[in-house]
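> fold the following and give me the result.
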Amino acid sequence: MSSTSQFDQITDRNNLNSDKWAKYPEDVIPMWVADMDFDSPMCVKQALQERVSKGVFGYTFAPKSLIEAIQTHCQTHYDWLPNGAHLVHLPGLVCALHLSVRTFSEPGERIIVPAPVYYHLTRAAEISDRVLETIPFEVKENRWTIDIESMAQACAKPDAKMILLCNPHNPGGTVYTRNELEAIHALAKQHDLIVVSDEIHCDLILSQSKHIPFASLNEDAAQRSITLMAPSKTYNIAGLGYAFAVIPNSALRKQFSSARGAIVPAPNLLALVAAEAAYRDGEPWRKELVNYLSANRDYIQQRIAGTPLQLVGMEATYLAWIDASGLGLYDPYQYFLDRGVGLSPGKDFGHGQFVRLNFGCPRAQLEKALDRMLVDLY
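Residues are numbered from 1 along each chain as shown. Next up is the predicted model:
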């Protein structure tokens, strides 16, 4: 990693109304929510400045140029060309998860989710009176993989209605292989299930793995799926609020759009401008980011070697899922918080003996956080 990388720059976010930096006292380093401490790409800032200079911030719609930028991005990176007419533009991915569950299932029906997982995938089922069934991950060859036999049993239950995937997986960093996705699709097809695939971290692959959109597997997979993507995590523009759903099935798309109605607003015009600039011109920035994040991941592995902490090999994301069970503590999250590092508690994702560390930050910040965390652990 170059010592002169743009990602080494420290940005003071304490006076920017940052959720991440306002959560803890000033003497705590916040390493929790999936919000990177990097400046956004120059192409995004320039596009926003140009649009703001024009004034007139009235109602707007997603322009053809944004749709084309998304299509080019997906075709270039995933060999997948979504039809522009199949896109539904949204102000965020979380609302899309909840809307999908409420639109395509009924109270009492079963929602199947590989877990531990980002909590909105499980909450979407829990708070809407659906039956949540989580499918456990297991470590094989230094990689988190789902228990496909448990998934098969869950899918076969008569009240099963939907599978919620997170690919790449958060936390854990797993990038589903084609064989894994095809096995899941086979179950969905056999039991006529809808698959909602949260693919928000798909542009943050840190290994030789290749992201495969679930909908790109085959026509049946496309027709029973809702694919959710966004530039927010990759280009650090989450605060602007833009995501999109790809829904090839016209009946599902009509149902989704109808349920959305006046409940979920359209993305604001600056979000649309930022998204287009990121997808159209942000690739050099993204490549440098991925290299920087990969080096940060490797640095964490190096630092925790020889301690009771464990980190299974990460293929994607900047969110390290650290096993702290070797410490023998009731609450590892509080243990590290007492040492001045605010992580995400594992219980939020389904496992209280883990913590999630956001390493989307300058190396100096990561070093400081690990210095605090690893005191007396060697």
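
> what's the mean pLDDT across whichever helix in the chain runs longest?
Criterion DSSP state H: the longest helix present in the chain is helix 283-304. Helix 283-304 carries an average pLDDT of 98.

> give me the buried positions along the helix or strand encompassing Q153.
Element membership for Q153, per DSSP states H and E: helix 148-155. Across helix 148-155, burial judged by 16 or more other Cβ atoms under 10 Å covers I148, S150, M151, A152, A154, C155. For the C-beta atoms, the positions are set from N, CA and C on the backbone; glycine is no exception.

> isn't the last one right up against L187?
Yes - in this structure C155 lies within contact range of L187 using Cβ atoms under 8 Å: 4.3 Å.

> overlap of the contact sets of these two?
When contacts are counted by Cβ atoms under 8 Å, 6 or more residues apart in numbering, C155 and L187 are jointly contacted by I163, L193.

> can you tell me which of the buried residues of helix 148-155 comes closest to T122?
A154 (13.9 Å; Cβ to Cβ).

> how long is stretch 276-285 end to end?
14 Å (Cα to Cα, to the nearest Å).

> again, but for stretch 302-317
Chord length of stretch 302-317, first to last residue, is 18 Å (Cα to Cα).

> please enumerate residues in contact with it?
By Cβ under 8 Å, 6+ apart, the residues outside stretch 302-317 that reach it are 34, 139, 142-144, 168-175, 201-202, 204-207, 209, 211, 297, 300-301, 320-324, 326-327, 370, 374, 377-378.

> over to stretch 358-373?
With contact meaning Cβ under 8 Å, 6+ apart, stretch 358-373 is reached by 1, 7-10, 29, 31-38, 236, 293, 295-297, 299-300, 303-304, 318-320, 336, 339-341, 344, 357.

> switch to 7 Å and redo it
1, 7-10, 29, 31-34, 36-38, 293, 296-297, 299-300, 303, 318-320, 336, 339-341 (Cβ atoms under 7 Å, 6 or more residues apart in numbering).

> likewise stretch 9-21?
Defining contact as Cβ under 7 Å, 6+ apart, one finds that stretch 9-21 is touched by E26, P30, W32, V33, D35, D37, D39, P362, A364.

> ok, how many other residues are close to the fourth one?
It refers to V33. Using other Cβ atoms under 10 Å, the number of residues around V33 comes to 16.

> now the contacts of stretch 302-317: which count as buried?
Buried by 16+ other Cβ under 10 Å: 34, 143-144, 168-175, 201-202, 204-206, 209, 211, 297, 300, 320-324, 370, 374, out of these.

> among those residues, which are located in helices?
Judged by DSSP H, the buried ones among the contacts of stretch 302-317 include R297, I300, L370 as members of helices.

> and the last one, how far from L357?
Here L370 is placed at a distance of 9 Å from L357 (Cβ to Cβ, to the nearest Å).

> thought V375 was touching R339?
Yes - between V375 and R339 there is a contact under Cβ atoms under 7 Å: 6.5 Å.

> any regions of the stretch 201-350 of the chain where pLDDT drops low?
Within the stretch 201-350 of the chain, the set of residues satisfying pLDDT under 70 is empty.

> all strands of it, in order?
With strands called from DSSP state E, counting those that start in this stretch, the stretch 201-350 of the chain shows them at 225-229, 243-246, 310-311, 319-323, 341-342, 344-345.
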